[in-house]
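Novice: dropping a prediction and its sequence here:
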Amino acid sequence: MIKISDLEKMNDRGELMNYLYKHRAENPKFDSLIEKVEYEEELKLLQAELVNLQNWIKNNGKKLAIIFEGRDASGKGGTIKRFAEHLNPRAMRIVALNKPTEVERGQWYFRRYIKELPNAGEMVFFDRSWYNRAVVEPVMGFCTQEQYEEYMVQVPEFEHMLYESGTHIIKFWFSVSKDEQLARFNSRLQDPLKKWKYSPVDEKGQELWDEFTFYKNQMFSRTHNAFSPWVIVKSDNKKKARLEAIRYVLSQFNYDDKGKNEIALNPDPTVVQRYFRMVKQIDF
């Protein structure tokens, strides 16, 4: 532990960090504390870059949709929170749709998502998206095989129309290992503030792991393309996944004052990679 007398001599965070580095060999707990402080500092700088990106998008009438997909408990919601927490709420939205209504079930599948797409000058974060039909729905029996096949034919065409109309789409898949998913499920059940996150679909996540893997791979092979690629984020380490996902988005645009905050903007390729058939994932 840090002595009170030592703390009283410290005037800022830098002096605290120097102390932790100097004495980390004496106390293994200091390593986790160092990691937490470094994470918070890095996150703050990246979020400042996101503010610059948002201003550029707003001032230039750009349209950006970022899709967050992945197995349950893969870290999608926590990452979206870090993306959005310091942005101007007038120029961004978070979309997390409930299951379709009776009326929506009778409509063209993409219709309810179209009205949620970004307007000029806006960023939209999709906490799950139209890709529900690519993985969750066929696994859980929420759609027919005919509906699934029709969807898989239409989705690349749908996204190509969005691309041609000037909408930038970034598609993240958060890849979490089976053991880590189970640990996060158990953590949710024990936390009174997170119990609401655990659903019947979550309960089936471990039991139907292989089925999810099959449909996930079908989705990648049939909907990954040059204008709308899939980006794999290894998310067993939540903090690294958040930082590198933000870094990836920032790396895709030449916005005003890019890099002004003196933070590395190229994502770590061991954490974030574009999909290709031989890419190593952790949720097989």
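Specialist: Cool, got the structure. Residues are numbered from 1 along each chain as shown.
Novice: roughly how far apart are residue 231 and residue 116?
Specialist: Distance, residue 231 to residue 116, by C-beta to C-beta, to the nearest Å: 21 Å. Using the backbone N, CA and C atoms, a C-beta is placed for each residue, glycine as well.
Novice: more neighbours, those two?
Specialist: Between residue 231 and residue 116, counted using other C-beta atoms under 10 Å, the more crowded position is residue 231 (22 against 15).
Novice: can you list the strands that the helix or strand where the more buried one lies pairs with?
Specialist: Per DSSP states H and E, residue 231 falls inside strand 230-234. Strand pairing for strand 230-234, determined by DSSP bridges: strand 167-175 (parallel), strand 272-274 (antiparallel).
Novice: what distance separates it from the centre of its chain?
Specialist: The chain centre lies 9 Å from the centre of strand 230-234; the measure is C-alpha atoms, centre = their mean, to the nearest Å.
Novice: just the mean pLDDT for it, thanks.
Specialist: In this model, strand 230-234 has a mean pLDDT of 97.
Novice: repeat for stretch 54-65
Specialist: pLDDT averaged over stretch 54-65 gives 98.
Novice: outside of it itself, list whatever touches it.
Specialist: Stretch 54-65 is contacted by residues 87-88, 91-92, 117-124, 126, 162, 166-170, 253, 255-256 when judged by C-beta atoms under 8 Å, 6 or more residues apart in numbering.
Novice: how about the strands in the stretch 51-200 of the chain?
Specialist: 63-70, 92-95, 122-127, 167-175 (DSSP state E, counting those that start in this stretch).
Novice: can you give me the buried ones in the third one?
Specialist: When burial is assessed from 16 or more other C-beta atoms under 10 Å, strand 122-127 yields the following buried residues: 122, 123, 124, 125, 126, 127.
Novice: can you check the second one too?
Specialist: Judged by neighbour count using 16+ other C-beta under 10 Å, the buried positions of strand 92-95 are 92, 94, 95.
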